[in-house]
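[1] Predicted model follows, preceded by the sequence.
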Amino acid sequence: MKYDILQIAGAALTVLGAQGTIRLLLDHGDTGLLGRLPGGFAAALAGHLLALVAGVLLAGWSHSRAKALGRRG
């Protein structure tokens with residue numbers, strides 16, 4: 001059950017990171033959730049990309065752990 005929750009959290013983090021990255025690349029002034037970070041565009045972009053990569057890694061890791069335990073096909 002914990003790997004299912006971690007996989008959901010990873011997917012949510014992936015979606016937030018990807019959506020933020022795409023929005024920021026299309027409109028440089030719309031920094032979204034990371035608008036209060038010092039550093040402007042570069043810091044916001046790095047933050048969104050970090051969330052995207054962390055989400056992909058977390059979802060993939062939790063899926064492989066659940067699969068190793070026989071919970072995935």
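    It's in. Numbering: from 1, shown residues only.

[2] and the end-to-end length of stretch 22-37?
    End-to-end distance of stretch 22-37 (CA to CA, to the nearest Å): 18 Å.

[3] buried stuff in it?
    Residues of stretch 22-37 classed as buried by neighbour count (16 or more other CB atoms under 10 Å): Leu24, Thr31, Leu34. Placement of C-beta: from N, CA and C, glycine included.

[4] want to throw these into JSON lines with pLDDT?
    Formatted as JSON lines, the buried residues of stretch 22-37 follow (pLDDT from 0 to 100):
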{"residue": "Leu24", "pLDDT": "92"}
{"residue": "Thr31", "pLDDT": "79"}
{"residue": "Leu34", "pLDDT": "80"}
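
[5] and of these, the nearest to Ala54?
    Nearest to Ala54 among these is Leu34, at 13.8 Å by CB to CB.

[6] got a list of what that closest one touches?
    Listed by CB atoms under 8 Å, 6 or more residues apart in numbering, the contact partners of Leu34 are Gly20, Ala43, Ala44, Gly47, His48.

[7] Quick one: buried ones out of the residues you listed?
    Buried by 16+ other CB under 10 Å: Gly20, Ala44, Gly47, His48, out of the contacts of Leu34.

[8] Thanks again, I'm all set now.
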